[in-house]
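1. my questions are about this predicted structure, shown below with the sequence.
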Amino acid sequence: MKLKNEYPSVSGGARPSYGGSQMLSPRKKLQRCGCGPVAVADLIIYLSRSRPGCDTPLTKTLPAFGPAERSAYNDLLNKLCRRYTPVLYPTGTNGVFLTWGLNAYFRKNRISLRASWCWSGKKLMQRISDMLAADFPVILAIGPNFPLMYSGRHKVALYIRSGDRFFPKAKVNSHYVTVTALEGEWMKVASWGTEFYINVREFETYARKYSIPLLSNIMIIRSK
């Protein structure tokens, strides 16, 4: 299961990115803890390009297809943070606040969608599959360790793919990514402007043993 349309990208590097990246922002606060707003920015750009009635004054500043210029993307991200998804340094923001901000954006622009934060870890992969089938990118939180929320001891691996093989590239917690496809036991995700993969079982084990469902979960989007 995968998205039906091209995922947003940003120009300015050796090649266009896969989604936005907080590291492309000149603002230190966003570089440190802007992964949540970046996921929301990618989502509203994708919706503006793929669903009637979802293009807004905020997204009209970007092209209707192809990579966005880095400066234009950062301008959209800054406006999004000021109006809808404020970032608290150094903790960032949680999924519930991101959901509230996105719903405020939908109401302001009369978009007939509603976001909610999933509280249960049950049927999570089925919910992700259902959202992809409806052509919604899926914002996924890889939550902090719990109860030691500032511990970096336990993390989830991000893999890169070469042919049919997967190689670990980074490990994260307290981080948002966007799921763009489910491929068997792998979730294809966008993070830091790069295409990565997360092993489903590894994520489920992490969420169950080292975090909690409220913190390691997804944003659900439905039509009203």
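-> Perfect, I can see it now.

2. please make it C-alpha for all contacts and neighbour counts, starting now.
-> OK.

3. which outside residues touch the helix or strand bottoming out on mean pLDDT in the chain?
-> Using mean pLDDT, DSSP states H and E, helix 28-33 stands out as the lowest-scoring helix or strand of the chain, at a mean of 89. Identification of contacts with helix 28-33 by Cα atoms under 8 Å, 6 or more residues apart in numbering yields 22-25, 87, 89-93.

4. list the buried ones in it?
-> Neighbour-count burial for helix 28-33 flags 29-30, 33 (criterion: 16 or more other Cα atoms under 10 Å).

5. one step back: pLDDT, secondary structure and neighbour count for the contacts of helix 28-33 - can I get that in a markdown table?
-> Shown next, in a markdown table, are the contacts of helix 28-33 (pLDDT from 0 to 100; DSSP: H, G, I helix; E, B strand; the rest coil; neighbours: other Cα atoms under 10 Å):
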| residue | pLDDT | secondary structure | neighbour count |
| --- | --- | --- | --- |
| 22 | 93 | helix | 24 |
| 23 | 92 | helix | 16 |
| 24 | 89 | helix | 18 |
| 25 | 91 | coil | 20 |
| 87 | 90 | coil | 21 |
| 89 | 80 | coil | 13 |
| 90 | 74 | coil | 11 |
| 91 | 76 | coil | 13 |
| 92 | 81 | strand | 19 |
| 93 | 88 | coil | 19 |
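
6. ok so, going back, mind giving me the packing neighbours of the next helix or strand after the least confident helix or strand of the chain?
-> Downstream of helix 28-33, the first helix or strand assigned by DSSP states H and E is helix 35-50. Counting contacts by 3 or more Cα pairs under 8 Å, 6 or more residues apart in numbering; DSSP states H and E, helix 35-50 packs against helix 70-83, helix 95-108, strand 175-183.

7. just name the most buried of those.
-> Among those, ranked by average contacts under mean count of other Cα atoms under 10 Å, first place goes to strand 175-183 (a mean of 23).

8. tell me what angle that strand forms with helix 95-108.
-> Per axes from the mean of the first three to the mean of the last three Cα atoms, to 10 degrees, the angle that strand 175-183 makes with helix 95-108 is 80 degrees.
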